[in-house]
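Asker: Below are the sequence and a predicted model; questions follow.
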Amino acid sequence: MTLHTAISRNPDFVHRNVGGEELLVPVRRTGADLSCIYLLDEVGSVIWRALDRPRTGEELVDAMTAEFDVDRRTASADLLQFLDELRGVDAILAEGAR
């Protein structure tokens, strides 16, 4: 995955705020899989909210640098690591370069 890859949310995941905690919950045909709940930190929450439509990694870096005091290089490295984690649990879909 690169910063030019178009990324979207997997519709099989829902995002909820429960008691101030931002959670991703996979939803299967039989209902929510509560054994696989993923807690998002503040940065992860900003990224997930930015994925309200498909976006490139570059657009997500823009969202991160607008929200936090971080340089593009650090934001890019952190983003790619986080996206790899989300992809590892199938929470996002990578659609190739735009």
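Answerer: Yep, that arrived.
Asker: top helix in this structure by residue count?
Answerer: For the chain, the helix with the greatest residue count under DSSP state H is helix 72-88.
Asker: Of all the residues in it, which ones are buried?
Answerer: Buried residues in helix 72-88, counted by 16 or more other CB atoms under 10 Å: 75-76, 78-80, 82-83, 86-87. Any C-beta I mention is one placed from the backbone N, CA and C, and that applies to glycine too.
Asker: go on, stretch 58-66?
Answerer: Those buried within stretch 58-66 under the rule 16+ other CB under 10 Å are 59-61, 63-64.
Asker: Export these as a markdown table, with columns for distance to residue 71.
Answerer: Below are these laid out as a markdown table (distance: CB to CB, whole Å):
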| residue | distance to residue 71 |
| --- | --- |
| 59 | 17 |
| 60 | 15 |
| 61 | 10 |
| 63 | 15 |
| 64 | 10 |
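Asker: which one is residue 21 nearest to, not counting chain neighbours?
Answerer: residue 39 (6.1 Å; CB to CB, 6 or more residues apart in numbering).
Asker: Give me the pLDDT for the one you found.
Answerer: On pLDDT, residue 39 comes in at 93.
Asker: Ok, residue 82 next?
Answerer: With respect to pLDDT, residue 82 scores 96.
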